[in-house]
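In: Okay, structure incoming, though there's no sequence with it:
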DNA sequence: CATGAATGAGTCTTCATTCAT
DNA sequence: GATGAATGAAGACTCATTCAT
């Protein structure tokens, strides 16, 4: 909510023209409005679901009129896509950073580092993470998911390759499975399907999961 | 003044009254129509997406009129929920059966049996599985997912408890993580985010994943 | 209003798919609805002007709901284009027929025949003719106008060529000017810019106009 | 209870209060801005069409903000009406001047003078002439067209009356037809419905047209 | 005075649902 | 029972106009 450093649009290649905000959030007013719209979108998404997440409702919740929403986004999909992209980008970046830092360490540490970074990013704002699952299922969302997924798989792969204590025959495959194995339980948790107290064990269990997997996969 | 309809959410008793077809598929005609509607719904879902999956379109693709669709389902959501429920039920039942059969076996076999059953059910009709992810994200869908998830976690838990070669401190937790770890990579695969040839390794990798995890979790 | 013979879609090549009625007016009900929409469109066009000729208003005036309008036309432009096309087609056909019949006659008769046919078609329903001028100015309308204009110029040209008592160096040019000279005063009249009683002299004056022009243009 | 505002439609007194720029173009700045707006309006009209000729777009193309536009015009219609009025006024004035100069000459010269003046005015800026047809079809536009048409008919009538070599039974009628006969082909040309090279013959043909007509109409 | 962000009424269009035939 | 035309509420989006800065 207070991120005065401004948004990082590090992945310009990701978005198409039509999905980009109409105005770059340079001016303070614009930035505030855009932020309000993002927050509002997530709230409406959470409370009403994707199909009832209407532009009018989002604008109202953000304290502005529909017209203003369209000053910042060319259409509803662009708004949702931007919110999703921001979220996914945060997660992907966190994973990339963690993978970078874990290079050359043991697979035990790698598993732990990866899990910690992923969880921290994903659970930082559970409502947001949960709400955006529905957006991720839509056409535009799927594209973004694919891109971010790709980034993370690459990062993990490069990390695995650098392991001194293990060799992976198909590191990209292992990375893909590992990422999926991470996201599955996290989604289950975010969607409220787990028993209370589950979150306390989540990090530990996921670390065990990946450590076991990495060990099994490793040759030599 | 008590609710005479007795809305009991027997957790294992999957369906509620409102989500059931109006007709029991006793007559051949009805059964055929319902089946046609299910197939059609999945096709339209696949080709058009959730928001453009309209009742008229589904009915047409099923070779009947909208009016007839409403003969079998009280509304659009009921149709989609039923289709989803059927799918989830198939998967849950497959998992339950496999878990039943693996009781008393080694955790190695358990992992293998669980993975095989889950994959077989999920990949039997990939289009269907993929298409229904969007339905699962909606209000009604989430409820069904929760129910089915619960069934599977219970089944897996009971299986784990019966393992002669391992003891789990919190078998339900382990079961939940295991199920999530299974569904994550499968979803990744179904959503087309994996490299070609991924499916060939999927069963093997998931088995490794669960075996590693089960071993790590087990106390002596 | 009572044209039980149904509409003649003699110029299938004229319309694009998206501008065609969604349903062919085969059934009596459909035909009636389509006719009602045409009439209503012209009325709204006359009373409110093009910009206020909204789909809701047209539907209401036609005694149905918006939804029904969209059962017959894919969008507002298609409705207006169809109405315009019908009108222009009537006029063009009338001119073609007259030109056919006047072939081989003197230019005097040609002028008279052309004027009579054009006027009869154009003044048959003055409100309609007037109302459609605005539609003719829009993108889609301009295309239709161009097509129909082309048809009439060709018809007139072929007629002129057949004149036994005159030779035209550039008959197509003469035909184009003649048609323009006809449509100009008629539009002036329809738009209400002329004094009362003007219509009584219109046929005579236009005949004089064309006769004088044809004589001037003719060589030999 | 009489209308104290005295809305007199002096027919020659072209403009009404509400359609005039709010500022008299005394200051150089205002004059420049108004001129820029006129030019911009025609450009936008040409490129986008009437319905997409928005105030924001016009202002932007004129190098100013919407707010400034409203400094000069009370609303969108007033802007368009003024642009149209200016155009029509130029044409009408040119015709009036020509008719004045042709008084007392032969009908042959009259026809030529009228055609030349009309064409010169109308084709001076073809884009403008064409673009304004759509504006002329709207409510306000029709009123202006009527006024200007009236001025021209009067001018032509007075010219015809002064012809030494011809007598017209109903000179106003003849004038009206002549003006219509002129505007028809010109519109056809401006709307791009004529073959390339048409413009080269336009003056000549229109002169022939009117000369032939005048001769036919004349008594003795 | 200029600016351009904000407003929100008004359009088009879709689609779940009903019901006369 | 089947049909599919009719309904109309609801949502996306535009744009004339205003007004705080």
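Out: Received, thanks. As the structure is a computational prediction, the values presented were derived from the model and not from experiment.
In: switch to C-alpha atoms for all contacts and neighbour counts from now on
Out: OK.
In: Which stretches in chain A count as strands?
Out: Taking DSSP state E, chain A contains no strands at all.
In: Kindly report the residues of it close to DNA strand E.
Out: A:29, A:30, A:33, A:63, A:64, A:65, A:66, A:67, A:68, A:71 (C-alpha under 7 Å from any atom of the strand).
In: Low-confidence stretches in chain A?
Out: Applying pLDDT under 70 to chain A picks out residues A:1-29, A:220.
In: go with 50
Out: For chain A, applying pLDDT under 50 flags the ranges A:1-18, A:23-26.
In: tell me, what residue is most central in it?
Out: residue A:88 (2.8 Å; C-alpha atoms, centre = their mean).
In: before we move on, back to that, name only those of the residues of chain A next to DNA strand E that count as buried.
Out: With neighbours counted by 16 or more other C-alpha atoms under 10 Å in any protein chain shown, the residues of chain A next to DNA strand E contain buried members at A:33, A:64, A:66.
In: of the residues you listed, list those near DNA strand F.
Out: Near DNA strand F, by the rule C-alpha under 7 Å from any atom of the strand, you find residue A:66 out of these.
In: Now, the buried ones among the residues of chain A next to DNA strand E that are in helices?
Out: A:33, A:66 (DSSP state H).
In: Could you save the buried ones among the residues of chain A next to DNA strand E as JSON lines and add columns showing distance to chain C?
Out: Below are these laid out as JSON lines (distance: C-alpha to the nearest C-alpha, whole Å):
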{"residue": "A:33", "distance to chain C": "33"}
{"residue": "A:64", "distance to chain C": "28"}
{"residue": "A:66", "distance to chain C": "22"}
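In: and chain B, which of the buried ones among the residues of chain A next to DNA strand E contact it?
Out: Of the residues in these, proximity to chain B by C-alpha under 8 Å from any C-alpha of the partner chain holds for none.
In: What is the nearest of the buried ones among the residues of chain A next to DNA strand E to residue A:132?
Out: When those are ranked by distance to residue A:132 (C-alpha to C-alpha), residue A:33 comes first, at 19.9 Å.
In: Tell me the residue of chain A that sits nearest DNA strand E?
Out: residue A:67 (2.9 Å; C-alpha to the nearest atom of the strand).
In: Name the nearest residue to residue A:39, ignoring sequence neighbours.
Out: Distances taken as C-alpha to C-alpha, 6 or more residues apart in numbering or on different chains place residue A:62 nearest to residue A:39, at 7.5 Å, with adjacent residues excluded.
In: re earlier: can you pick out the most distant pair from the residues of chain A next to DNA strand E?
Out: A:29 and A:66 (16.5 Å).
In: Residue A:210 touches residue A:111, doesn't it?
Out: Yes: assessed by C-alpha atoms under 8 Å, residue A:210 is found in contact with residue A:111 at 5.6 Å.
In: and the two? which has more neighbours close in?
Out: residue A:210 (29 against 24; other C-alpha atoms under 10 Å in any protein chain shown).
In: For chain A, which segments count as helices?
Out: A:28-48, A:55-61, A:66-72, A:76-102, A:107-123, A:126-136, A:139-161, A:171-190, A:198-217.
In: Most tightly packed of those?
Out: helix A:171-190 (a mean of 24; mean count of other C-alpha atoms under 10 Å in any protein chain shown).
In: if we can go back for a sec, tell me which residues touch the residue nearest to the residue nearest to the centre of chain A when sequence neighbours are not counted, please.
Out: Leaving aside its sequence neighbours, residue A:88 sits nearest to residue A:148 (C-alpha to C-alpha, 6+ apart; 6.4 Å). Counting by C-alpha atoms under 8 Å, 6 or more residues apart in numbering or on different chains, residue A:148 makes contact with A:88, A:89, A:92.
In: near DNA strand F, which residues of chain A show up?
Out: So chain A meets DNA strand F at A:52-56, A:66-68, A:70, A:74-77 (C-alpha under 7 Å from any atom of the strand).
In: Specify which member of those residues is nearest to chain B.
Out: Closest approach to chain B among these (C-alpha to the nearest C-alpha): residue A:52, at 10.6 Å.
In: The closest one: neighbour count?
Out: 12.
In: check contacts around it.
Out: A:44, A:45.
In: Check the one 5 residues further on too.
Out: Under the criterion of C-alpha under 8 Å, 6+ apart, the contact list for residue A:57 reads residue A:44.
In: What separation do you get for it and chain C?
Out: Distance, residue A:57 to chain C, using C-alpha to the nearest C-alpha, to the nearest Å: 25 Å.
In: same deal with residue A:149?
Out: Distance from residue A:149 to chain C, counting by C-alpha to the nearest C-alpha: 40 Å.
In: I figured that residue hits residue B:195, correct?
Out: No: using C-alpha under 8 Å, residue A:149 makes no contact with residue B:195, being 11.9 Å away.
In: Got phi/psi on the residue nearest to residue A:39?
Out: Backbone torsions for residue A:62, taken as degrees, to the nearest 10, come to phi -90, psi 0.
In: what's the spacing between residue A:180 and residue D:199?
Out: 71 Å (C-alpha to C-alpha, to the nearest Å).
In: What of residue A:31?
Out: Taking C-alpha to C-alpha, one finds residue A:31 at 56 Å from residue D:199.
In: just residue A:117 next, same as before
Out: Applying C-alpha to C-alpha to residue A:117 and residue D:199 gives a distance of 74 Å.
In: repeat for residue A:74
Out: For residue A:74, the distance to residue D:199 - C-alpha to C-alpha - is 44 Å.
In: Residue A:41 now?
Out: 59 Å.
In: what does residue A:208 give?
Out: For residue A:208, the distance to residue D:199 (C-alpha to C-alpha) stands at 85 Å.
In: what about the closest residue to chain C within chain A, how many residues close to it?
Out: With C-alpha to the nearest C-alpha as the measure, residue A:75 is the residue of chain A nearest to chain C, at 20.7 Å. If you count neighbours by other C-alpha under 10 Å, residue A:75 ends up with 17.
In: now swap in residue A:50 and tell me
Out: When neighbours are counted by other C-alpha under 10 Å, residue A:50 registers 23.
In: quick one: it and residue A:137 touch, right?
Out: No: counting by C-alpha under 8 Å, residue A:50 does not reach residue A:137; the two are 10.2 Å apart.
In: Now the common contact residues for these two.
Out: Contacts common to residue A:50 and residue A:137, judged by C-alpha under 8 Å, 6+ apart, are absent.
In: what sits against the residue nearest to residue A:141 when sequence neighbours are not counted?
Out: In space, and not counting its chain neighbours, residue A:141 is closest to residue A:135: 5.7 Å by C-alpha to C-alpha, 6+ apart. With contact set as C-alpha under 8 Å, 6+ apart, residue A:135 has these partners: A:50, A:80, A:81, A:84, A:141.
In: hmm, try it at 10 Å
Out: Applying C-alpha atoms under 10 Å, 6 or more residues apart in numbering or on different chains to residue A:135 gives the contacts A:45, A:49-50, A:77, A:80-81, A:83-84, A:141-142, A:145, B:134, B:137.
In: so which of the residues you listed comes closest to residue B:164?
Out: residue B:137 (38.1 Å).
In: Tell me how far residue A:210 lies from residue A:202.
Out: Residue A:210 is 12 Å from residue A:202, by C-alpha to C-alpha.
In: Just the closest residue of chain A to chain D, please.
Out: residue A:71 (13.2 Å).
In: Verify the stated contact: that residue with residue A:30.
Out: Yes: contact criterion C-alpha atoms under 10 Å: residue A:71 and residue A:30 qualify, at 9.4 Å.
In: could I get the buried ones among the residues of chain A next to DNA strand E as CSV with distance to residue B:189?
Out: Compiled in CSV, these are given as follows (distance: C-alpha to C-alpha, whole Å):
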residue, distance to residue B:189
A:33, 38
A:64, 41
A:66, 38
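In: ok, of the buried ones among the residues of chain A next to DNA strand E, which one's closest to residue C:185?
Out: residue A:66 (48.1 Å).
In: What residues does the nearest residue to residue A:68 once chain neighbours are set aside make contact with?
Out: Using C-alpha to C-alpha, 6+ apart and skipping the chain neighbours, the partner closest in space to residue A:68 is residue A:59 (7.6 Å). By C-alpha under 10 Å, 6+ apart, the contact set of residue A:59 is A:33, A:36-38, A:40-41, A:44, A:65-70.
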